[in-house]
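> build me a model:
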Amino acid sequence: MATKIVEPEAGPRSKRAAILAAAVDHFGEAGFEATKWSTVAERVGIGQTALYHYFESKTHCLLTIMRLELQRSHDKFTAATADVEEPAEALRAAVRAAYDVSDQEVLQMRILQNHMDLLSGPRKSKREEAERVAARQLVQVVERDWTNLLVRGMSQGAFPLRDAQLLGASVLGLIVSVWRWYRPSGPTPLAEISELIEGACVRMVAT
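I've put the predicted structure just below:
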C-alpha cells in the first residue's frame, strides 16, 4: 500500500501553494542547485524564515513537487484510460494525456526527470523521507499502470506477447524523455511531439 501524505489545510492565508508555484518556476527554469531558497521567499513576498513553516528545506520542497507531479500523472493516466475498452486506443489516449499539460506542468515534469536520482537513497529528515518514500511508491504505481495496460492488450490478442514490464518501461521512458529537452518557447509545438510519440509507442507495442 502506498504511503499516504496528508496534505496541510490550505486556508485563505496559507502560502504553501504560492511557495510551490514559485519553486516550480525557479527550479524548472534556473535549476534546483542554482536557485537560492531566499529567492523563492522573495517571489512569494515572505521572509525566508517563514518558508520553514511550510517546508523544512529546499530539498523537502523539491521532493514535494516531485511527489505531487507523480500523483498528477497517475491521476491523468487513470482518467484518460478508464472508459477505453480497446487496448490500442487506451494506449493512444494515455500518450495524449501525458502531453496534455500546462506550461507549469511541463516545468514540474522537467524537475521530476532531472532529480529522479534523489528518490534512490533514504533521507535523514523524517519529512523529507516521507515525501521520498511516497514519491518512490508512486513511481512504482505509474510503472504498474503502463505495464497493466500492455498486459491487458496482450491478453486480448491486440498486442504481440512480450515482456510487458520491460516494454512498459521502454514506452514510459520514451514519453518522459521529452521533458528533458522540450521548451514551450521552442520551434516544435507540443501537439506535434505528442503525435510523433503516440505513433512511435503504438508501433513499438503493436507490431
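> which other residues reach the helix-or-strand element of the chain with minimal mean pLDDT?
Least confident helix or strand, the chain: helix 48-51 with a mean of 88, by mean pLDDT, DSSP states H and E. Here helix 48-51 makes contact (Cβ atoms under 8 Å, 6 or more residues apart in numbering) with 15, 19, 37-38, 40-41, 61. C-beta coordinates here come from the backbone N, C-alpha and C atoms, glycine included.
> stretch 82-97 now?
The contact list for stretch 82-97 (Cβ under 8 Å, 6+ apart) reads 76-77, 79-81, 146, 149-150, 152-153, 156, 158-159, 175, 194, 197-198, 201-202, 205-206.
> hang on, the earlier thing: which element follows the least confident helix or strand of the chain toward the C-terminus?
helix 58-81 (DSSP states H and E).
> what residues sit buried inside the helix or strand following that next one?
Next along the chain after helix 58-81, taking DSSP H and E as the criterion, comes helix 87-98. The neighbour-count check on helix 87-98 (16 or more other Cβ atoms under 10 Å) flags 87, 90-95, 97-98 as buried.
> can you give me the helices in the chain?
In the chain, the segments counted as helices under DSSP state H are 16-29, 37-44, 48-51, 58-81, 87-98, 103-114, 126-155, 164-181, 190-206.
> re earlier: how far off centre is the least confident helix or strand of the chain?
Centroid separation for helix 48-51 versus its chain: 27 Å, with Cα atoms, centre = their mean, to the nearest Å.
> re earlier: show me which of the contacts of helix 48-51 are buried.
Applying 16+ other Cβ under 10 Å to those, the neighbour count classes 15, 19, 37, 40-41, 61 as buried.
> closest one of those to His26?
The nearest member of the buried ones among the contacts of helix 48-51 to His26, counting by Cβ to Cβ, is Val40 at 6.1 Å.
> my read: the closest one touches Val24, true?
No - Val40 is beyond contact range of Val24, at 9.9 Å (criterion: Cβ atoms under 8 Å).
> run through who's touching stretch 131-142.
In contact with stretch 131-142 (Cβ under 8 Å, 6+ apart) are residues 2-5, 60, 63-64, 66-67, 70-71, 73-74, 77, 116, 118-119, 122-123, 172.
> buried among those? Make that a ChimeraX selection.
Remark: buried members of those, expressed as a ChimeraX selection using 16+ other Cβ under 10 Å:
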select :5,60,63,64,66,67,70,71,73,74,77,118,119,123,172
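> what's near enough to touch Gly168?
Contact partners of Gly168, counting by Cβ under 8 Å, 6+ apart, are 143, 146-147, 149-150.
> residues near Ala30, how many?
Neighbours of Ala30 under the rule other Cβ atoms under 10 Å: 12.
> please report how far the residue nearest to Thr147 when sequence neighbours are not counted lies from Val133.
Among residues not flanking Thr147 along the chain, Gly168 sits closest, at 3.8 Å (Cβ to Cβ, 6 or more residues apart in numbering). Separation of Gly168 from Val133 (Cβ to Cβ, to the nearest Å): 22 Å.
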